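**Student:** Below is the sequence, then the predicted model.
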Amino acid sequence: MDKINKKLLLGVSVVVALLPLFVHSSYYYQILINIGSLTLVALGLGLLLGFAGQISFAQASFMGIGAYTTAIATVTWHWPPVVALVASAVLTGVIAFLIGLPVLRFKEHVLALVTMGFSYMVFVVLMQQSEITGGPGGFPGIPAFSIGGLSLKGDVANYYLVWAFAIISILLVFNLLASRNGRALETLRSSEIAAKSLGVNTFLLKLKVFVFAAVIAGIGGSLYAFQTSYIAPSSFEVHYAITLLTVVVVGGLRSVWGSLVGAIVITFFEEGLTNLLPLIVPGSAGEYRLIIYGILLVLVLLFMPKGLAPFLSQWSRRITQQVGRRRLNTADKG
Amino acid sequence: MTRQLTKMLAFTVALMLFVVGCGSSNNASSGSNADSSPAASASPSPSASSAAPSSSAPAESKPPIKIGVIISTTGASASIGTAELNGFQVMVDATNASGGINGRQIELVIADDQTKEAKALSEVKRMIEDKDIMAIVGGASSPISLAMVPAIEEAGISYISFGGSSSIIADKKWAFKIPPQERFLVRTLLSDAQKKGIKKIGIIRVNNDYGKSGADTFVKEAPDFGIEITAVEQINPDDKDAKVQISKIMGAGVDALGLWTSTPSESAVVAKGFYELGYAGKYPIYSGPAVSSSEFVKLEPNGSTGVIFPTYKFVVAEQLPQDDPQYEVVNEFLKLYSEKYTERSQFPANGADAWNLLKDAITRAGDNVTRQTIRDNLESASGVVGQLGTYNMSPTDHNGLDESGFVNVRIDNGQFVLN
Amino acid sequence: MHIEQIIASGLVAGAIYALIAMCIVILYKVTGIINFAQGEFVMLGAMIVITLVDAGMNQLLAACLTVLIVMIISMGIYGAAFYPLRNTKNVLITIMVTIGVGYIISGIAQITWGTSARLLKPFSAGQPLRIGSAVITTQDLWILGTTAAVIIAFFYLFDKTYFGTTIRACMSNREAAKLMGIPTDRMGMIAFVLSGGVAALAGIVFAPATYAEYDMGMMFTLKGFVAAVLGGLTGAPAAIVGGFTLGLLESFGAGYISSGYKDFISFLALIIILILLPNGILGKKTIKKV
């Protein structure tokens, strides 16, 4: 992992670690937890989409599978939370592997369709198998996460939990990209045929990434269940899958930071719009929100198609260059 | 390199602080909220705004009492949520117009949950933090309500829900709900079917929580009335045609069609199919309350005739006998509501009763209006006459209703007729 | 014994899906854009025609005017959002832009028309047709008829007219078409406008059979997309096959297996079909040039 990103990761970790000193509102913790959760799940999608070039609508369902596995494991079977978390990750991975085998050979649109189909199928099962999942009424009563005797309940604990996983996952992704697999991924992204001709087993690679992304999403789902203690099928539907895609595309497909930047921006959009809109247009409600969200989305995509993360780093690079140039100039004159 | 890193770090920190700072400055100022807009009490449309206290209040008047409302004004539950909000707001406005409670005006802080559990959760957390908000009302559906309940129980603020599920209030200290146990409505309906000699019913229900719990209750209670449920078929909320499901049920031989949907348009899709297949008029439809709206009749003028459903007295207020214990309360609300709105359904009544209960609780608290006193008074509500009946709450019953507040209504050529 | 109703319902739904799928496929082939807002144009068609009819206009005139209005709106949207993207290779960006446009359209619809469902009277009165256990209403006949008319019109257009040939040229190879002097950019706009118009028509003809709501677009987009990919994304015939297949799959699933699991069944069947025919039912294996 190169030096810049290492330092950035360190920086972000420091910010995340220290933020609770400034944040005292339960509402803001919820927002920060949402951002962390979104980052985690979108990270997998970003890898899949940006580096392996696979469009998948299935991430939301993998999150749902993780969440429900945790719910059933802890409430119905009384498993300890740590075991439930591991079980969620494993089950999601296994399902992703089984799905990936027949499905990953499809090309773009068909893959999008099939992953969408899978997503609906999971949704139907969650809604119909009510004795197990609680059906449309949802699944209440999920306990908080705990390790041994230490219970991680409450805002701050859940915040650190989610962000710890998010940061570790970002680290893992960077390491993955620096490895041989990562270089193979790079080649795969530019040209699948070139990769194949270089001896890369593209199918296996895609499968690995697909499973990895699913496992992270499953963990994200599990943490979500622990934090909110109540889950419902409607949270893991195609709409959420579209939100994830939006996060990744707006944040930047080609950048690992894309999911973090995207998660911050999209969450900011959504909450900010809800708060600001009634000030700008008195008496307005959700209708305007949808329109403005759409307009912002279209604008970002038209003017910053590479996403915000690359744009930000370009912008900051330009600033540092300018500063550097000015220093050089004054040095000369002085 | 270090400079670039510093820039990015600075940006991230700045962004986070901005978000944090934005929020705390909003919460710090008392009485105003990020989503307030002036004099919204005059606007009939639902808005993410708050009703400001009347500007002509003298300087030494008592501060307003703030009530939070989290309701779906967009998303799948939008039409129900909007109707409930309207009912609630109409009653609050009337109270404010007559001087408020104990000299204090009521100020509403309204937020749209977009029919998303995650949004409802963040909104409820935001309201919990505003220490001036004394109670929260809302949650048009059970999943939305259930998503908010853990937070309100934890924080200790009263919550009056519009959701139907009994788990919203089971073993809870701070959560109350307006809609009655589903079985009251179902049993009211089934008693009519029994009287008409119906023996077999096949049900079509919508594929969501409302539909499922209604159908489950239907199935559970039917044997008490000597009725057999032959099948339960499902339709999705956005399905446009139910003829396959209808043929399946009617083809197997039933005396009536059972229906439990959650919106007028879902109900109309089924009623339309029923009519087109030629069953309307020959077989009755026993439906849940989603058809209690004039929108249903408008959408399906042909197939709606002959539909029978249980509902609140509000829907047929004018036809109530004068000696009905709720006659006055129901008609008074009708007068207030129809000044602003023409369509009627049962849902505004939910909103009205949320206010009836809160008003009672706040009034009895006198000068000591706190989150705790409101909760205690809600729990001790006794003999509060509302739209759904008379409320008698207790620590073990946070709904407080019985069967007597409900009636069966038959739709006859577009008119709602008390059965 | 209710197989006739299952087939009838399946065909009517399939007809609508086929229409929308045709719009999606033609646009895709000419411009490479998959329009995830296609269903919104269906919704606009329904909503606008209802507004005009409610204002007193004659139904036929209102229908024509609506199609025209939606086509003009499509033109505007193309210019604003898609023209700048015409050369992008990035499929995902264009899909996301269409999603954004979809949000905008349904948001505006919500403000303009509110959240309640709206009704359009059937085009012609009359008793429904009964075939076995099936009931086919007059509106169902209109739907099937309109779909048939559009299919015939497309075949005529594509086969017999110069304009159709240029579109076909764009659809099979945009670069070559450009070299032959065909204004591919303008073709893109024409395809967009055309698909908007047909979608509006689908909405108009379907509205009396159901109820128009501001958020019904998403469902149509999804079904249209499924039908289009199922068919193979190669052209109008593929869309038609995909549409009817989807309609019948859903209907049979609901009728014979379980109405609760019908989406599960149709998607499972879909995935199985695609595993056997990875390029869609009528899809051809495209040779990727290196």
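**Tutor:** Nice, I can see it. Numbers count the residues shown, from 1 in each chain, chains lettered A, B, ... in the order given.
**Student:** For the closest residue to residue C:258 other than its chain neighbours, give me its contacts.
**Tutor:** In this structure, residue C:258 finds its nearest non-sequential neighbour in residue C:265, 7.7 Å apart by Cβ to Cβ, 6 or more residues apart in numbering or on different chains. The way it works is simple: take the backbone N, C-alpha and C, and place the C-beta from them, glycine included. Taking Cβ atoms under 8 Å, 6 or more residues apart in numbering or on different chains as the contact definition, residue C:265 lies against C:249, C:253, C:257, C:258.
**Student:** Below-threshold pLDDT in the stretch 201-334 of chain A: ranges please.
**Tutor:** Within the stretch 201-334 of chain A, the stretches with pLDDT under 70 are A:277-287, A:320, A:327, A:329-334.
**Student:** Would you mind listing what in it touches chain C?
**Tutor:** Within the stretch 201-334 of chain A, the residues that sit near chain C (Cβ under 8 Å from any Cβ of the partner chain) are A:238, A:242, A:245-246, A:249, A:253, A:286-291, A:293-298, A:301-302, A:305.
**Student:** Show me where the chain has its strands.
**Tutor:** In the absence of a named chain, chain A is used. A:139-140, A:145-147, A:150-152, A:230-231 (DSSP state E).
**Student:** not quite, I wanted chain C
**Tutor:** So, for chain C - with DSSP E - the strands run C:129-131, C:134-136.
**Student:** Please apply the same query to the stretch 151-300 of chain B.
**Tutor:** Along the stretch 151-300 of chain B, counting by DSSP state E, counting those that start in this stretch, strands occupy B:158-161, B:175-177, B:200-206, B:228-235, B:256-260, B:285-287.
**Student:** Using CSV, write out the CA atom coordinates for stretch C:36-54.
**Tutor:** Below are the C-alpha coordinates for stretch C:36-54, written out as CSV (Å, rounded to 0.1, in the frame of the first residue of the first chain):
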residue,chain,number,x,y,z
PHE,C,36,-33.8,3.1,-15.9
ALA,C,37,-36.4,5.8,-16.1
GLN,C,38,-38.3,4.3,-18.9
GLY,C,39,-41.2,3.4,-16.6
GLU,C,40,-41.5,7.1,-15.7
PHE,C,41,-42.5,7.9,-19.2
VAL,C,42,-45.2,5.2,-19.0
MET,C,43,-46.4,7.0,-15.8
LEU,C,44,-46.3,10.4,-17.5
GLY,C,45,-48.4,9.1,-20.4
ALA,C,46,-51.0,7.8,-18.0
MET,C,47,-51.0,10.9,-15.8
ILE,C,48,-51.1,13.5,-18.5
VAL,C,49,-53.9,11.8,-20.5
ILE,C,50,-56.0,11.6,-17.3
THR,C,51,-55.4,15.3,-16.7
LEU,C,52,-56.5,16.2,-20.2
VAL,C,53,-59.5,14.0,-20.2
ASP,C,54,-60.5,15.3,-16.8
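**Student:** buried sites along it?
**Tutor:** C:36-53 (16 or more other Cβ atoms under 10 Å in any protein chain shown).
**Student:** go on, stretch A:195-211?
**Tutor:** A:195, A:200, A:202, A:205, A:206, A:207, A:208, A:209, A:210, A:211.
**Student:** From those residues, pick the one nearest residue B:413.
**Tutor:** Nearest to residue B:413 among the buried residues of stretch A:195-211: residue A:210, at 58.6 Å, using Cβ to Cβ.
**Student:** With that, I have no additional questions.
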